[in-house]
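K.L.:
Sequence below, structure please.
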Amino acid sequence: MDNNNKNDLILNSLAEGVIAVDKNFKITFFNDAAEKSTVFEREKVIGNICKNIFKSAIVSVLQNGKNVYDI
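P.N.:
Numbering: from 1, shown residues only. As a prediction, the model looks like this:
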């Protein structure tokens, strides 16, 4: 098993939703808990721009470094 598969296995075992984006805010990872706690299917969000999917404060948090409570 390569490191990417191990990482995916570990992150998918978490009860919390984990969503990863690249430097262009493209969704690169969406774990099982994220899929269960949202209305989105993994296959439909991977590769899409985060703000186009979630339309949330995530982009602001990543751009200015402040947590959601400070925005």
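K.L.:
Mind jotting down where the strands sit in this structure?
P.N.:
For the chain, applying DSSP state E gives strands covering 19-21, 27-30.
K.L.:
ranking those strands by burial, who's on top?
P.N.:
Comparing the strands of the chain by mean neighbour count (mean count of other CB atoms under 10 Å), strand 27-30 ranks first with a mean of 20. Where C-beta positions appear, they are placed from N, C-alpha and C, glycine not excepted.
K.L.:
so what strands line up beside that one?
P.N.:
Sheet pairing here is set by DSSP bridges, and for strand 27-30 it gives strand 19-21 (antiparallel).
K.L.:
Run the chain-centre distance for the strand it pairs with.
P.N.:
Centroid separation for strand 19-21 versus its chain: 3 Å, with CA atoms, centre = their mean, to the nearest Å.
K.L.:
Of the strands of the chain, which is nearest residue 40?
P.N.:
Among the strands of the chain, the nearest to residue 40 by CB to CB is strand 27-30 (7.4 Å).
K.L.:
Let me have the strands of the chain in TSV, extended by mean pLDDT and distance to residue 12.
P.N.:
Output for the strands of the chain, formatted as TSV (pLDDT from 0 to 100; distance: least, CB to CB, whole Å):
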stretch	mean pLDDT	distance to residue 12
strand 19-21	93	12
strand 27-30	95	9
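K.L.:
Turn those strands into JSON lines, columns for distance to residue 6.
P.N.:
Output for those, formatted as JSON lines (distance: least, CB to CB, whole Å):
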{"stretch": "strand 19-21", "distance to residue 6": "15"}
{"stretch": "strand 27-30", "distance to residue 6": "13"}
